[in-house]
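[1] predicted structure and sequence below. I'll ask about it afterward.
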Protein chains: 2
Amino acid sequence: MAASIHDVAQLAGVSPRTVSNVVNDFVHVRIETRTRVQAAIDELGYRPNISARRLRQGKTRILAFAVPELSQPYFSELSELIERAAQASGYTVMAAQTGGVREREIGILRDFDSHIVDGLILSPMSLQAADLTAHRPNVPVVLIGEQISSEGFVDVAIDNVRAVGDITRHLIETGRTRIAALGAYSSPGYRSADLRLEGYRNSLAAAGMPFDPALVLYTDVYSRQAGRDAVLRAARQGLDFDALVCFNDVLALGAIRALADLGIPVPGRIAVTGIDDIDDSTYCVPSLTTISPDKEGIAQSAVARLLELIATPDAVASDIEHSYRLIVRESSAPA
Amino acid sequence: MAASIHDVAQLAGVSPRTVSNVVNDFVHVRIETRTRVQAAIDELGYRPNISARRLRQGKTRILAFAVPELSQPYFSELSELIERAAQASGYTVMAAQTGGVREREIGILRDFDSHIVDGLILSPMSLQAADLTAHRPNVPVVLIGEQISSEGFVDVAIDNVRAVGDITRHLIETGRTRIAALGAYSSPGYRSADLRLEGYRNSLAAAGMPFDPALVLYTDVYSRQAGRDAVLRAARQGLDFDALVCFNDVLALGAIRALADLGIPVPGRIAVTGIDDIDDSTYCVPSLTTISPDKEGIAQSAVARLLELIATPDAVASDIEHSYRLIVRESSAPA
DNA sequence: CTCCTAAATTGCCACGTTGCAAACTGTGAA
DNA sequence: TTCACAGTTTGCAACGTGGCAATTTAGGAG
């Protein structure tokens, strides 16, 4: 049986309340008393019972970070940054995985609400704005990504339309003429995919290039495997293109692999680009031209904003847009 | 203010205890009462207060999974599997990151002990067996990896010596004669590195090949960057080798990148192998020959064993060894 | 109609902590 | 000596829940 504050008090010969004062660094404790209590704490290996403390205070100092999958490098990298930011403010982070499935995203809204966490950072994939109001959680929520634009909820993201627009323009400027897009969603509901497609179309239009629906490759999963499969499928159908704008890095890595299997040189015959700037995109062969969102900034303002909301629940919920950079690497070198 | 069991009771016109019975699916509740209580729960959006419940029961139904870094694909993939296994038993998982730093690993042993979690799955890097006994946590612990072999603690792992032995032998059998190793640890304390080095030496010896210390490349971090840097350094020093046994996949990926920078064909002139079989190693170019540990099995038995220990704290702690497979891909094709 | 039994419901209490306010201590000034 | 006051310590209560055991209710048998 673990020691409680009473055991410590008894051993130190003080009241439980004094032990609490020591543990919580209350100023008015005689130095000698503090030492004695500390000794008792060490001897018994006493640790405060978080459940009891939180029950009393109504706060847990735990935040939840819910993403589709931790095995997506973008999310695990972000999770590391968020954990670091939260820790700096004395919070612990629980990572949860939704699989990108709407029901489970709704489940997170409802269950993490069970007084487990003080706030929730959610990166939704299938969740709709209506779900958010229908299942309004009891704790503050900060959204990541542009999946949902909804008044009343803070959203931290980069401008996907502009970002994909920029990278598409980069391909145009480096001489590509038949640019395909990879990562459009066949089933409706994943807004980031729509926004990225929009950015792609915008840049084509701005350059006076025709939009060819055949050049849009669909996939409902963002993984290396999905990227490879989509490109192999396109190749089998004899699709002709000289560049591929992928809607995230792992899709691009899968695509590069597929092109390698087909014996098509990258960037010699086809240029490939991604989004996310995961660690791998620096080191893969060829290294990947991509959009590097300010992950550090996203993590920090998501946490900061959430802590603000926790402190002041009815603060105004304004969205936060973060910057990104176009990182040009080998995979988009002019042919 | 969130609704409590009392609010629900009042609205439904029953006692708080009855609400508790409904929530916990106690059998002896009249169907009509149950319906009425359920309606009140829905109306108020009542969620049980986990802190209160856990305080009462002394359990949190939360497990901790502590790894060096979640951004290491091996760990994020494992974390997903562990989370899935735990969820199947009604447990939630909190992932924590230690940075592989001994002090922080000790910190995890002590702090997660604050009645936050019912058990801990720890993948240590710098922790020593003595730390484990000196800071013996109040909750059951299952270790992952072969860092610590200590009676009294369950360890779930594959046989690193044999695994690296197998992959080294594979290189020998495919005609490589000057095989370098990448990932030895210059500072003592990381046992997996030692074991892997041992496996490498064993296979050289078994084949009657000399062990050349110059062919052992050191690095204290396992990342793509570290892998690349080490290989570039070796190349600058004019080291001559025709194969590279890397002590994990990300090191191998960094090495492949470095060789690409140097214009050295893989596997044409140098074969490269890894360990872990992360998703990327299937899709990188060239795809990576590696050791694929039974991650699913590791995750499942770590969780299963931990739950057993939670149920029966003084059960015998026997280690569990899992299988692995040698996956031969492009990066080790005969020259 | 009574009695017995099982089903359904309830009250009381403690889990370990901290907010609150009260109480005690010691020091120096009047 | 008394008093004020800052510094230090304490007792009480309550956070929301579920274990326990007791009580009430319903149903069926005699």
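    Great, that's in hand.

[2] okay, CA-based contacts and neighbour counts for the rest of this
    Fine.

[3] what about the residue in the stretch 101-250 of chain A that DNA strand D sits nearest to, neighbour count?
    Nearest to DNA strand D in the stretch 101-250 of chain A, going by Cα to the nearest atom of the strand, is residue A:114, at a distance of 8.5 Å. By other Cα atoms under 10 Å in any protein chain shown, the residues close to residue A:114 number 19.

[4] go on, residue A:333?
    Using other Cα under 10 Å, residue A:333 has 17 other residues around it.

[5] residue contacts, it?
    A:174, A:267, A:268, A:271 (Cα atoms under 8 Å, 6 or more residues apart in numbering or on different chains).

[6] for the residue of the stretch 101-250 of chain A closest to DNA strand D, list the residues it contacts.
    B:47, B:48, B:49, B:50.

[7] quick one: low-confidence ranges for the stretch 201-335 of chain A?
    Judged by pLDDT under 70, the stretch 201-335 of chain A has no weakly predicted residues.

[8] isn't there a strand covering residue A:182?
    Yes. The assignment for residue A:182 is a strand, going by DSSP: H, G, I helix; E, B strand; the rest coil.

[9] is it bridged to anything, and to what?
    Beta bridges link residue A:182 to residue A:217, residue A:246 when assigned by DSSP bridges.

[10] run through the residues that contact it.
    Residues counted as contacts of residue A:182 (Cα under 8 Å, 6+ apart) are A:216, A:217, A:218, A:219, A:227, A:230, A:244, A:245, A:246, A:247, A:251.

[11] ok, now which ones touch the last one?
    Just to be clear, that refers to residue A:251. Per Cα under 8 Å, 6+ apart, neighbours of residue A:251: A:182, A:183, A:222, A:223, A:224, A:225, A:226, A:227, A:228, A:274.

[12] secondary structure element for it?
    Using DSSP states H and E, residue A:251 maps to helix A:249-262.

[13] now that helix: buried residues?
    In terms of neighbour count (16 or more other Cα atoms under 10 Å in any protein chain shown), helix A:249-262 has its buried residues at A:249, A:250, A:251, A:252, A:253, A:254, A:255, A:256, A:257, A:258, A:259, A:260.

[14] could you find the closest non-adjacent residue to the third one?
    Which is residue A:251. Leaving aside its sequence neighbours, residue A:251 sits nearest to residue A:227 (Cα to Cα, 6 or more residues apart in numbering or on different chains; 4.2 Å).

[15] need the three-state assignment for that neighbour.
    helix.

[16] can you check the one 5 residues further on too?
    Remark: residue A:232 carries the secondary structure label helix [criterion: three-state DSSP].

[17] thought it was touching residue A:258?
    Yes. Using Cα atoms under 8 Å, residue A:232 is in contact with residue A:258, at 6.1 Å.

[18] please state the backbone phi and psi of the closest residue to DNA strand C within the stretch 201-335 of chain A?
    As assessed by Cα to the nearest atom of the strand, DNA strand C sits closest to residue A:311 within the stretch 201-335 of chain A, at 14.7 Å. Per-residue torsions, residue A:311: phi -70, psi -40 (degrees, to the nearest 10).

[19] quick check: closest non-adjacent residue to residue A:39.
    Spatial nearest neighbour of residue A:39, chain neighbours left out: residue A:12 (8.0 Å); criterion: Cα to Cα, 6+ apart.

[20] contacts only, for the one you found.
    Contacts of residue A:12 by Cα under 8 Å, 6+ apart are A:36, A:37, A:39, A:40.

[21] among these, name the buried ones.
    Applying 16+ other Cα under 10 Å to these flags A:36, A:37, A:40 as buried.

[22] from DNA strand D, how far out is the last one?
    Read it as residue A:40. Distance of residue A:40 to DNA strand D, computed by Cα to the nearest atom of the strand, to the nearest Å: 14 Å.

[23] who's in contact with residue A:244?
    Applying Cα under 8 Å, 6+ apart to residue A:244 gives the contacts A:179, A:180, A:181, A:182, A:270, A:271, A:272, A:273.

[24] and for residue A:29?
    A:18, A:21, A:22.

[25] go ahead and confirm residue A:274 touches residue A:292.
    No. Using Cα under 8 Å, residue A:274 is not in contact with residue A:292; the gap is 9.3 Å.

[26] so those two - more neighbours on which side?
    residue A:274 (27 against 18).

[27] okay, and the more buried one sits in which element?
    Going by DSSP H and E, residue A:274 is part of strand A:271-275.

[28] so where do the strands sit in chain A?
    For chain A, strands defined by DSSP state E occupy the ranges A:62-67, A:92-97, A:119-122, A:141-144, A:154-158, A:179-184, A:216-218, A:243-246, A:271-275, A:289-293, A:320-322, A:324-327.

[29] neighbouring strands - and their directions - for the third one?
    Each strand pairing with strand A:119-122, determined using DSSP bridges, is listed with its direction: strand A:62-67 (parallel), strand A:141-144 (parallel).

[30] could I get the CA-only coordinates of the shortest one as CSV?
    Think strand A:141-144. Extracted in CSV, the C-alpha atoms of strand A:141-144 (Å, rounded to 0.1, in the frame of the first residue of the first chain):
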residue,chain,number,x,y,z
VAL,A,141,-10.6,22.3,-27.5
VAL,A,142,-8.0,23.5,-30.0
LEU,A,143,-8.2,22.2,-33.5
ILE,A,144,-5.1,21.6,-35.7
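
[31] in the stretch 101-250 of chain A, which residue sits nearest DNA strand C?
    For the stretch 101-250 of chain A, Cα to the nearest atom of the strand, closest residue to DNA strand C: residue A:115, 14.1 Å.

[32] who's in contact with that residue?
    By Cα under 8 Å, 6+ apart, the neighbours of residue A:115 are A:58, A:59, A:60, B:47, B:48, B:49, B:50, B:51.

[33] and the last one, how far from residue B:116?
    If I follow you right, that is residue B:51. Separation of residue B:51 from residue B:116 (Cα to Cα, to the nearest Å) stands at 10 Å.

[34] name the residues contacting each of the two.
    Common neighbours of residue B:51 and residue B:116 (Cα under 8 Å, 6+ apart) are residue A:51.

[35] and these two? Which one has more around it.
    residue B:51 (27 against 24).

[36] in the stretch 101-250 of chain A, which spans are helices?
    Ranges of helices in the stretch 101-250 of chain A, per DSSP state H, counting those that start in this stretch, are A:102-111, A:129-134, A:160-173, A:191-206, A:224-236, A:249-262.

[37] need those in a markdown table (columns: distance to residue B:29).
    Formatted as a markdown table, the helices of the stretch 101-250 of chain A follow (distance: least, Cα to Cα, whole Å):
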| stretch | distance to residue B:29 |
| --- | --- |
| helix A:102-111 | 25 |
| helix A:129-134 | 30 |
| helix A:160-173 | 53 |
| helix A:191-206 | 46 |
| helix A:224-236 | 50 |
| helix A:249-262 | 52 |
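
[38] among the ones you listed, which is nearest residue B:297?
    Smallest distance to residue B:297 across the helices of the stretch 101-250 of chain A (Cα to Cα): 22.6 Å, for helix A:224-236.

[39] that closest one: which residues count as buried?
    A:224, A:225, A:226, A:227, A:228, A:229, A:230, A:231, A:232, A:234.
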